[in-house]
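S.K.: my questions concern the predicted model and sequence given below.
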Amino acid sequence: MPRTLVSLKPGESARVATVGGDSGASQRLMDLGLIKGTSIKVVRVAPLGDPIEISLRGFMLTLRRTEAEHVVVE
Amino acid sequence: MEISSSEPFGSTVVPSEAQPASSIGRMRIALIGNPNTGKSTLFNALTGLRQKVGNYSGVTVERIEGKYRSESGTNVAVLDLPGTYSLSATSPDEEIALSVLIGLAPGVPAPDVVVLVLDASNLERNLFLASQVLELGLPVVIALNQVDTAAASGIRVDAVELAMQLGAQVVETVAIRGQGIDVLRRAIERAGDLPLPTRQFRLPEQLFRAVQPVEASLVRAGFHPSTAAMEALRLLAVDPGGHLNGVEGLQVEVERARTTLTQEGFHTRAIEAEVRYGWISEVIAAVVHRFGSAGTTLTDRIDAVILHRVLGPIIFLVLMGLVFQSIFSWAEPIMGAVEAVVGALGAAAAAAIPEGDLQSLVVDGVIAGVGAVVVFVPQIAILFLFIGFLEATGYMARAAFIMDRFMRGVGLHGRSFIPMLSGYACAVPGIMAARTIENPKDRLATIMVVPLMSCSARIPVYTLLIGSFIPPVMIGGFMNLQGLTLLGMYLLGTVAALVVAGIFKKTLLKGPSQPMIMELPPYRLPNLKSLLLGVSQRAGIFLKRAGTIIFALSIVLWALATYPKVEVPAGVTPEAAQELQLAESFLGRAGHAFEPVVEPLGYDWKIGVSIISSFAAREVFVATMGTIYGVGSGEDETSVTLRERLQAETDASGALVYTPLVALSLMVFYVFAMMCISTNAVVVRETGGGLKGLKWAVFQFGWMFALAYGAAFIVYRGGLLLGLAG
């Protein structure tokens, strides 16, 4: 089973392999630069456990676990 | 340091196909950029205070326009497009931005020049939108904004090189301090005389061949070849819709291109992002220079506290408490002052105009009507000052991050929290605040339930009824039954709002849940001028759009309560005369006609009249009760006279009209019923305006009335069954 963004702990980094899932969400993520090869880092998890905050290309982004599940990392 | 980098074009000025706009003394420009680039601040710096806020036809996407006169005397109309990360047109904002730029938005002519605002401190992601905008066949001027913030975090952007790379003028700006604005204005004026920017990268051969037929069908439909190329690339990922509806054969060509590319091993949905970001990496390598160490930033350090697991929610609750407190009680003295001024105006008018219908119209109709409108302005101003401040500093996105999990429980977005909280003070600013929710269905669901939160106008109703009919007994030694009843009313409304929102999101407003893909922008100090401008725009929108409707309806209501005139027998007190007049007026007759409707809830016709009159505004209930029970309309909810009068009221058979059960049923009715013309008017506007908005407002009125009636019925009848009548 491929590793996804959800499996990363705060402080861990990885490279994006594919972005899938709901077309609206994945389109937005790709427009923001979350594409194959992009280096991302999980910054923190929200106090209630969801969403999560990641950093990429010099900025901070939040997404829910349901969206992060479709981001396969390597 | 302000430089304009038009050097790349220097002596090779080629006239573009567009007519130089300056020759006719008028031009239209559009501002586009990512959210959090300082675009709105730049817009304010360009246009000053001359701004107009409206909606694009049919959608609740804000249309902000302004103008300025250039050095050479050209009148420049400026359109501030919604902040977007791309032109993929997957959200209403993106669809509007794209269709405006290519001249296909109804009622909005295409701009002569596009001003593209890029955040120098976050250039890489900003360039995605830039690469799309540069392909639209329009003159583009780039405002490289926040060069100061970039420098502070060790980033220097080579503006001259950037202009070379993008094929467009680049002007460095610090909009928040007004730096670079004059240079930008000059660059805008000459942009039409320079060669049009074009796509700066080549597509891989296979991709180029595959999209050709898509481009061709768009060109046949009248699109600029450059725009067609941009659209074709976009359509590999996004289905043609919106402004592309009706382009013949497009869908077929798009499907064919996708099939071909998939067979050749491409991931079609990712192609556009991959080719654009591929080019962007090269540009970044050429123009961005980093100096100093990229250690933890100030934003990182603040977020370590603000988004801390334990401290984060505490800070959030304290801040929300402050917001709530401010709209609830800080606005009170200002509202009192407004009411005093309105009262003084009314008294002055009453003194100046001889007694009679004209005096009554001016004092009770016009002045009271205007007063009913302006009294909301302090709450709107204070709430939007807070929202503007939290938005501009970057905290709002953090609040949504903290609250998202909770709000999603009822199918809403983290951003629905503030509008709902504001509803406790007043639904009007709360509904206006729902604009910050991006997804139209989440926004509608929020607007639908905000009026269920017990607003401050319900307090007089609760106070009068609880004070008159709920005994002040202590429960468990420390809880007062009166206080518990009040708390119960607040809880009832809140729980109902969450439940109803959940129901709407599962039925009528069903749809894929809006992703929580949101940028956490770096913290910034807000610009006071922009903040105040935002507040005055909100107040202005309310006064103009909602105010006119409220004003008109107030006069109608006045007429209904005043006509037809009755002969008042000589010798009765003014209070008794008022009572008699109201009973015989259209409103009083409506109360009698309404009696069979409210009778099952335990109410008589007098309560019916009070309910009908408070469809204008809930607090009118108390004044109407005062009039109809002959103690005068000037009595407030704490009036002992009014309370004693209500407690003594008997029906024809001599039984008491008001029992604690009737009072409870009436309060429950007020928790749920939509009784506020101002809210109705704002809902019409905020759900799309016109007939569409009217339908939503009528629907909301309807279901809330049904809920109120049903709940009051259950309370009263259920109470009777349980033997609570006495």
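M.R.: Structure received.

S.K.: where exactly do the strands run in the chain?
M.R.: Just going to use chain A. In chain A, the segments counted as strands under DSSP state E are A:13-19, A:39-45, A:52-56, A:59-63, A:71-73.

S.K.: to clarify, I was referring to chain B.
M.R.: Using DSSP E, strands in chain B cover B:26-33, B:51-55, B:62-69, B:75-80, B:113-119, B:140-145, B:155-157, B:169-172, B:288-290, B:474-475, B:479-480, B:518-519.

S.K.: re earlier: nearest to residue B:673, of the strands of chain A?
M.R.: Counting by CB to CB, residue B:673 lies closest to strand A:59-63 out of those; the figure is 38.1 Å. In short, each C-beta sits where N, CA and C put it, glycine included.

S.K.: per-residue confidence for residue B:24?
M.R.: At residue B:24, the model reports a pLDDT of 57.

S.K.: ditto for residue B:448
M.R.: As predicted, residue B:448 sits at a pLDDT of 96.

S.K.: repeat that for residue B:439.
M.R.: Looking at residue B:439, its pLDDT stands at 81.

S.K.: related to what we said a few turns ago, adding mean neighbour count, write the strands of chain A out as a markdown table.
M.R.: Conversion of the strands of chain A to a markdown table gives the following (neighbours: other CB atoms under 10 Å in any protein chain shown):
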| stretch | mean neighbour count |
| --- | --- |
| strand A:13-19 | 17 |
| strand A:39-45 | 18 |
| strand A:52-56 | 21 |
| strand A:59-63 | 24 |
| strand A:71-73 | 22 |
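
S.K.: any chance of these in a markdown table with distance to chain B and mean pLDDT as columns?
M.R.: What follows is these, written out as a markdown table (distance: least, CB to the nearest CB, whole Å; pLDDT from 0 to 100):
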| stretch | distance to chain B | mean pLDDT |
| --- | --- | --- |
| strand A:13-19 | 7 | 95 |
| strand A:39-45 | 6 | 96 |
| strand A:52-56 | 6 | 96 |
| strand A:59-63 | 4 | 95 |
| strand A:71-73 | 11 | 96 |
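
S.K.: on that earlier part again, any idea which of the strands of chain B gets closest to chain A?
M.R.: For chain A, the closest of the strands of chain B is strand B:518-519, at 4.9 Å, according to CB to the nearest CB.

S.K.: and the strands of chain B as CSV, adding distance to chain A?
M.R.: Putting the strands of chain B into CSV (distance: least, CB to the nearest CB, whole Å) gives the following:
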stretch, distance to chain A
strand B:26-33, 14
strand B:51-55, 23
strand B:62-69, 20
strand B:75-80, 21
strand B:113-119, 9
strand B:140-145, 15
strand B:155-157, 8
strand B:169-172, 19
strand B:288-290, 9
strand B:474-475, 34
strand B:479-480, 30
strand B:518-519, 5
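
S.K.: name the residues of the stretch 1-150 of chain B found near chain A, please.
M.R.: B:85, B:86, B:88, B:90, B:91, B:121, B:122, B:124, B:125, B:128 (CB under 8 Å from any CB of the partner chain).

S.K.: which among those gets closest to residue B:172?
M.R.: Out of the residues of the stretch 1-150 of chain B next to chain A, the member with the shortest distance to residue B:172 (by CB to CB) is residue B:121, at 12.5 Å.

S.K.: find the closest residue to chain A in the stretch 101-250 of chain B.
M.R.: Closest point on the stretch 101-250 of chain B to chain A, by CB to the nearest CB, is residue B:124, at 4.7 Å.

S.K.: re the thing from before, ok, which of the strands of chain A comes nearest residue B:25?
M.R.: Closest to residue B:25 of the strands of chain A, according to CB to CB: strand A:59-63, at 41.4 Å.

S.K.: run the angle between that closest one and strand A:52-56 for me.
M.R.: Computed with axes from the mean of the first three to the mean of the last three CA atoms, to 10 degrees, the direction of strand A:59-63 lies at 150 degrees from that of strand A:52-56.

S.K.: one step back: report the two of the residues of the stretch 1-150 of chain B next to chain A separated the most.
M.R.: Pairwise over these, using CB to CB, the maximum falls at B:90 and B:121, 26.0 Å.
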